[in-house]
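S.K.: give me coordinates for this.
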Amino acid sequence: MNRSRKIILAGLVAASLALPGAVVTAIAGDDHENHGQHKGWEKNHGKRFDRSVHDRRYYRRGWRDDDYRRDARYDRRHDGRWDNRGHHNKAEIRQDFRDVRAARADVRKERTDLRKDYTELRNDRAELRRDIRNGASKAEIMKDRQEIRDDWASIRKNRQELSTAEGKLDAARQELKSDLRKR
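M.R.: Predicted coordinates for the structure are as follows:
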């Protein structure tokens, strides 16, 4: 074998060994894989604003067409997703929101009152312990114990009021949810 044939044969062997690697490299380049990142981070769930599809200049163009607006209740946002925010403007829905806010305020007030009653009970117990330690009269000790009993009665009453207020809040939330579903 002469020298030129050896060079040609060596070139063919080198090309046959490099060809499968070149094909794999070309396929791997198409994936645009981000090395070191989790696969889920690469996924696009269609939530990004695509300027090539949705141009802001033509946002409201043809909004009365059936192609653009399929249902009268819905509207499109600037990124092409359907939006349904108009139902909050109804009087019934606004009243339901007011009821929920009022019920939340009532629950907040009842919880504050209950917390104050527990603080008062703690202070009355400390006063009773202090009076017993200092050797107070029986009448004063009986008065302190009566205050503690009154505190427990007040706590019981506030707990009932709190549970009633929480029930009203749950009912108002359920009514709001049902009205929002009806639209």
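S.K.: show me where pLDDT drops low in the protein?
M.R.: Counting by pLDDT under 70, the chain has low-confidence residues at 1, 23-89, 183.
S.K.: per-domain residue ranges of it.
M.R.: Under the assignment automatic domain parsing, the domains of the chain span 49-84, 89-182.
S.K.: what's the most buried one of those domains?
M.R.: Of all the domains of the chain, domain 89-182 has the most neighbours on average by mean count of other CB atoms under 10 Å, namely a mean of 14. C-beta coordinates here come from the backbone N, C-alpha and C atoms, glycine included.
S.K.: and the helices in this structure, which stretches?
M.R.: For the chain, the helices defined by DSSP state H occupy 3-31, 39-42, 91-134, 138-182.
S.K.: any figure for the gap between residue 12 and residue 19?
M.R.: Distance, residue 12 to residue 19, using CB to CB, to the nearest Å: 11 Å.
S.K.: correct me, but residue 117 touches residue 156?
M.R.: No. The criterion here is CB atoms under 8 Å, and residue 117 misses it with residue 156 at 9.5 Å.
S.K.: circling back: need the domains of the chain in a markdown table (columns: distance to residue 8).
M.R.: Converted to a markdown table, the domains of the chain look like this (distance: least, CB to CB, whole Å):
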| stretch | distance to residue 8 |
| --- | --- |
| domain 49-84 | 50 |
| domain 89-182 | 78 |
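S.K.: residue 5: which of the ones you listed is closest?
M.R.: Closest approach to residue 5 among the domains of the chain (CB to CB): domain 49-84, 56.1 Å.
S.K.: may I have the distance across stretch 124-142, first residue to last?
M.R.: 12 Å (CA to CA, to the nearest Å).
S.K.: spit out the contact partners of residue 127.
M.R.: Listed by CB atoms under 8 Å, 6 or more residues apart in numbering, the contact partners of residue 127 are 144, 147.
S.K.: distance of it from residue 139?
M.R.: On the measure of CB to CB, residue 127 and residue 139 end up 14 Å apart.
S.K.: ok, residue 90 next?
M.R.: Counting by CB to CB, the gap from residue 90 to residue 139 is 64 Å.
S.K.: and if you look at residue 97?
M.R.: Separation of residue 97 from residue 139 (CB to CB): 55 Å.
S.K.: likewise for residue 176?
M.R.: Taking CB to CB, one finds residue 176 at 55 Å from residue 139.
S.K.: likewise for residue 148?
M.R.: 15 Å.
S.K.: with only the CA atoms kept, save stretch 90-104 in CSV.
M.R.: What follows is stretch 90-104, C-alpha atoms only, in CSV (Å, rounded to 0.1, in the frame of the first residue of the first chain):
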residue,chain,number,x,y,z
LYS,A,90,-73.4,44.0,40.6
ALA,A,91,-75.3,45.4,43.6
GLU,A,92,-75.9,41.9,45.1
ILE,A,93,-72.2,41.0,44.9
ARG,A,94,-71.2,44.4,46.4
GLN,A,95,-73.6,43.8,49.3
ASP,A,96,-72.2,40.3,49.9
PHE,A,97,-68.7,41.8,50.1
ARG,A,98,-69.9,44.4,52.6
ASP,A,99,-71.5,41.6,54.7
VAL,A,100,-68.3,39.6,54.7
ARG,A,101,-66.3,42.7,55.7
ALA,A,102,-68.7,43.5,58.5
ALA,A,103,-68.7,39.9,59.7
ARG,A,104,-64.9,40.0,59.8
